[in-house]
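J.: Pasted the sequence and its predicted model underneath.
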Amino acid sequence: MHDLMDEPVHEQGLADLWHLIADEIGDLTAVSCGDRSRTWREIEERAARFAGHLRAAGLAPGDRVAVGLRNSVEYIEVLFGLFKAGLTPVNLNVRYRPAELRHLLTDSGARGLVVGEAIVPAALEAAEGTDATAVRVAVADLAGHPPAEHLDGGFVRYEDALAAATPAPRERRSGDDHLILYTGGTTGMPKGTMWRQGDLIGVGDNEWRRRGFEPPKTLGEVRRMVAEHARSDRRPVIMPSSPLMHGTGMFGAFGALYVGAHVVLLAGASFSPKELWETVERRRVDEVVIVGDVQGGPMAEELDRAAAAGRPYDLSSLWQVRSSGMRWSAANKLALLRHADIRCMDVIASSEGGPYGVAITVRGEDPENARFMLPPNARLIDEDGNDVPPGSGRVGLLAAPGRMPVGYLGDPDKTAATFRVIDGVRYAVPGDRAILHEDGSLTLLGRASGVINSGGEKIAAEEVEHVLVDHPAVADAVVVGVPHPRWGQTPNAIVTLRDGATATEQELIDHVRAHLASYKKPSRVLFVDAIVRTAAGKADRRWATEYAVRAAQDAAATA
């Protein structure tokens with residue numbers, strides 16, 4: 001007789017995994033956000049009601065539903081409900097303008113929308129003429145936004161939907177069920193990475209490994225290990241502090257739930273280091289997941305401020321701060337380590353897979369010497385897929401095997417270019433360049449494409465350029481990233497105007513902000529007579545970067 005507990009865990013859907021965990025530790029808190037907490041049993045029951053609502057609306061397994069929410073307990077419930085119903089979640093960036101949201105809705109073919117009440121107007125404008133009509137649910141935004149008095153466009157309130165729904169019965173799902181995670185547009189418009197849910201469970205294996213355990217291989221092992229781990233006095237309390245709408249936050253939460261952890265989310269509408277440290281202290285968090293300097297810098301500054309005021313935070317529960325998504329400087333790691341005897345883990349990863357490099361720093365160690373190391377089985381390759389010899393000084397592309405997406409939605413050419421089979425093994429090669437040294441350490445060089453990483457948000461330079469040249473006064477434009485101490489980079493625009501036309505710097509910044517998410521607007525606009533271009537007619541980004549950096553340095557020197 002077949003025993004369900006003998007089935008491989010990586011062949012299950014996330015609903016199957018979470019059902020098992022909810023049955024085993026249903027009385028324990030699964031997720032907290034601010035002052036609100038829910039147990040596994042409560043979340044599973046509410047997710048069943050949401051799945052019932054989705055099914056009653058006529059959605060069928062495999063249909064896609066776009067989710068645009070700020071971090072909340074409801075975000076996890078919504079995903080669980082979608083997984084239960086066999087539907088495919090599609091992440092929406094809540095900071096996007098209608099035109100940007102429309103691209104995601106049309107590209108994904110989403111048939112439903114689940115968004116925060118605050119972005120219902122933008123979602124309605126974006127969804128006009130798309131297939132996102134079967135389900136429209138608005139979740140109350142508890143981070144400072146009052147409930148909407150009236151919802152247009154067929155939206156129903158999330159709590160009303162749950163109250164009226166019949167809970168969907170449990171059904172076995174499959175590891176081949178999908179989740180679509182849109183990238184930040186690192187090489188143009190955002191692209192949807194299609195993940196098997198079984199592979200997402202595999203990504204969560206790393207959370208077991210970080211805690212010194214060999215990951216479970218069967219559902220029976222999951223049940224035993226979660227029960228032992230979650231009911232011990234060392235139950236993990238993990239805070240994915242970045243937005244769940246991005247890979248770092250979402251995958252961080254999935255891994256935490258997999259090990260039976262208490263997942264702690266920040267309730268504020270924007271990042272507050274004070275809220276983070278107060279929550280770490282109150283909830284006894286042992287691991288915080290962040291996005292580089294955009295969070296790490298303010299976190300260190302808040303610790304300095306509290307210590308100077310004679311009221312240092314109690315960080316005795318904290319074991320590790322882990323970063324992914326953008327640069328985390330040695331200075332900010334060192335500042336953090338002055339206040340806490342912890343481990344700083346810096347990971348190079350992407351929506352396409354990884355890790356491609358890992359750096360670990362502890363107290364008493366110079367972070368400058370804690371260089372990124374090439375993980376086991378990862379490689380540095382040339383354009384032809386050959387290994388770049390260590391110590392050669394040659395620039396190569398980082399490549400990692402293991403768990404990765406099936407591919408990019410609707411883009412077989414990009415899929416073939418990024419997910420390559422080398423020596424019979426499939427590797428994710430998203431375009432990150434590096435130099436490999438004799439000792440296995442890496443010098444990171446970023447991506448060759450026109451990508452700006454501002455606070456972990458990826459900005460496609462071409463997208464901003466297209467908006468700029470749509471302005472009637474602009475003849476030509478190039479956008480580049482300029483180093484910034486907190487954000488890593490900020491976009492700067494170099495512009496030429498049409499003959500006889502006039503435009504101010506602020507006018508062009510406002511023009512971009514009116515069409516794109518605010519973080520994509522240039523922090524500076526520089527006016528030139530002509531933009532240098534290559535023989536092929538492409539903007540010379542090296543010249544543009546040097547010009548913008550020099551202008552920033554000159555401005556700082558005269559400030």
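T.: Cool, the structure landed.
J.: Could you list the low-confidence segments of the stretch 451-559 of the chain?
T.: Confidence mapping of the stretch 451-559 of the chain against pLDDT under 70 gives the ranges 534-538.
J.: Which pLDDT value goes with the nearest residue to residue 261 once chain neighbours are set aside?
T.: Take residue 261 and drop its neighbours on the chain: the residue closest to it by Cβ to Cβ, 6 or more residues apart in numbering is residue 236, 3.7 Å away. (C-beta placed from N, C-alpha, C; glycine too.) Listed pLDDT for residue 236 reads 97.
J.: wait, isn't residue 236 in contact with residue 211?
T.: Yes: Residue 236 is in contact with residue 211 according to Cβ atoms under 8 Å; the separation is 6.9 Å.
J.: the bottom helix or strand of the chain by mean pLDDT?
T.: Least confident helix or strand, the chain: strand 441-447 with a mean of 78, by mean pLDDT, DSSP states H and E.
J.: residues in contact with that strand?
T.: 186-187, 348, 357, 371-374, 380, 395, 398, 430-437, 453 (Cβ atoms under 8 Å, 6 or more residues apart in numbering).
J.: One more pass at 6 Å, please.
T.: 357, 371-374, 431-435 (Cβ atoms under 6 Å, 6 or more residues apart in numbering).
J.: if you count what's nearby, which of residue 236 and residue 211 comes out ahead?
T.: residue 236 (21 against 16; other Cβ atoms under 10 Å).
J.: Contacts only, for that one.
T.: Counting by Cβ under 6 Å, 6+ apart, residue 236 has contacts 259, 261, 286.
J.: What of residue 108?
T.: Contacts of residue 108 by Cβ under 6 Å, 6+ apart are 64, 90, 192.
J.: Which residue is the nearest non-sequential neighbour of it?
T.: Nearest non-adjacent residue to residue 108, counting by Cβ to Cβ, 6+ apart: residue 90, 4.6 Å away.
J.: Out of the contacts of residue 108, flag the one nearest to residue 310.
T.: Of all the contacts of residue 108, residue 90 has the smallest distance to residue 310: 48.3 Å, by Cβ to Cβ.
J.: For residue 4, the count of nearby residues, please.
T.: Using other Cβ under 10 Å, residue 4 is surrounded by 12 other residues.
J.: Could you identify the helix or strand that succeeds the least confident helix or strand of the chain?
T.: Proceeding N to C from strand 441-447, the next assigned helix or strand is strand 451-454, under DSSP states H and E.
J.: Give me the contacts around that following strand.
T.: Strand 451-454 has contacts (Cβ under 6 Å, 6+ apart) with 186, 326, 458-459, 481, 487-491, 519.
J.: Buried by neighbour count, from those residues: which ones?
T.: Buried by 16 or more other Cβ atoms under 10 Å: 186, 326, 458-459, 481, 487-491, 519, out of these.
J.: Out of those residues, name the ones that lie in strands.
T.: 458-459, 481, 488-491 (DSSP state E).
J.: quick one on the thing from earlier: figure out how far whichever strand or helix holds the residue nearest to residue 108 is from the centre of its chain.
T.: If you go by DSSP H and E, residue 90 is part of strand 88-91. Relative to the mean C-alpha coordinate of its chain, strand 88-91 is positioned 13 Å out (Cα atoms, centre = their mean, to the nearest Å).
J.: and after that strand, which helix or strand comes next?
T.: Using DSSP H and E, the helix or strand that follows strand 88-91 towards the C-terminus is helix 98-108.
J.: State the mean pLDDT of that following helix.
T.: Average pLDDT, helix 98-108: 96.
J.: so the next helix or strand after that helix versus helix 98-108, what angle?
T.: Using DSSP H and E, the helix or strand that follows helix 98-108 in sequence is strand 112-116. Strand 112-116 runs at 140 degrees relative to helix 98-108, counting by axes from the mean of the first three to the mean of the last three Cα atoms, to 10 degrees.
J.: Direction included, what does strand 112-116 pair up with?
T.: Here strand 112-116 has these sheet partners by DSSP bridges: strand 64-68 (parallel), strand 135-139 (parallel).
J.: Next, the contact list for the nearest residue to residue 404 once chain neighbours are set aside, please.
T.: Using Cβ to Cβ, 6+ apart and skipping the chain neighbours, the partner closest in space to residue 404 is residue 353 (3.6 Å). Residues near residue 353 by Cβ under 6 Å, 6+ apart: 400, 404, 428.
J.: Please report how far the first one lies from residue 127.
T.: Right, residue 400. For residue 400, the distance to residue 127 equals 36 Å [Cβ to Cβ, to the nearest Å].
J.: With the second one instead?
T.: Here residue 404 is placed at a distance of 31 Å from residue 127 (Cβ to Cβ).
J.: ditto for residue 395
T.: Residue 395 is 43 Å from residue 127, where distance means Cβ to Cβ.
J.: What of residue 386?
T.: The gap separating residue 386 from residue 127 is 47 Å, by Cβ to Cβ.
J.: Looking at these two, which is more packed in?
T.: residue 127 (24 against 11).
J.: What separation is there between that one and residue 111?
T.: For residue 127, the distance to residue 111 equals 11 Å [Cβ to Cβ].
J.: quick one: the helices in the stretch 1-150 of the chain?
T.: Assignment of helices within the stretch 1-150 of the chain using DSSP state H, counting those that start in this stretch yields the ranges 14-25, 40-56, 73-84, 98-108, 120-127.
J.: Generate TSV for those, with distance to residue 410 as supplementary columns.
T.: Conversion of the helices of the stretch 1-150 of the chain to TSV gives the following (distance: least, Cβ to Cβ, whole Å):
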stretch	distance to residue 410
helix 14-25	23
helix 40-56	24
helix 73-84	21
helix 98-108	7
helix 120-127	19
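J.: Can you say which of the ones you listed is packed in most?
T.: Burial of those is given as mean neighbour count (mean count of other Cβ atoms under 10 Å); helix 73-84 ranks first at a mean of 26.
J.: How is this protein partitioned into domains?
T.: Here the domain parsing of the chain from automatic domain parsing is 4-197, 374-447, 451-558.
J.: what stretches of this protein score poorly on pLDDT?
T.: 1-2, 143-148, 185-188, 368-369, 446-449, 534-538.
J.: Please state the backbone phi and psi of residue 440?
T.: Note on residue 440: its backbone torsions stand at phi 90, psi 0 [degrees, to the nearest 10].
J.: Centroid-nearest residue for this protein?
T.: Centroid check for the chain by Cα atoms, centre = their mean gives residue 246 as the closest residue, at 2.2 Å.
J.: what residues are up against that one?
T.: Contacts of residue 246 by Cβ under 6 Å, 6+ apart: none found.
J.: ok, the residue nearest to residue 108 - contacts?
T.: By Cβ under 6 Å, 6+ apart, residue 90 lies in contact with 64, 66, 108, 110, 180.
J.: what's the closest non-adjacent residue to residue 45?
T.: Among residues not flanking residue 45 along the chain, residue 167 sits closest, at 7.0 Å (Cβ to Cβ, 6+ apart).
J.: can you pull the contacts of that neighbour?
T.: Residues in contact with residue 167 (Cβ under 6 Å, 6+ apart) are 48-49, 52.
J.: That's all I had, so thanks and see you.
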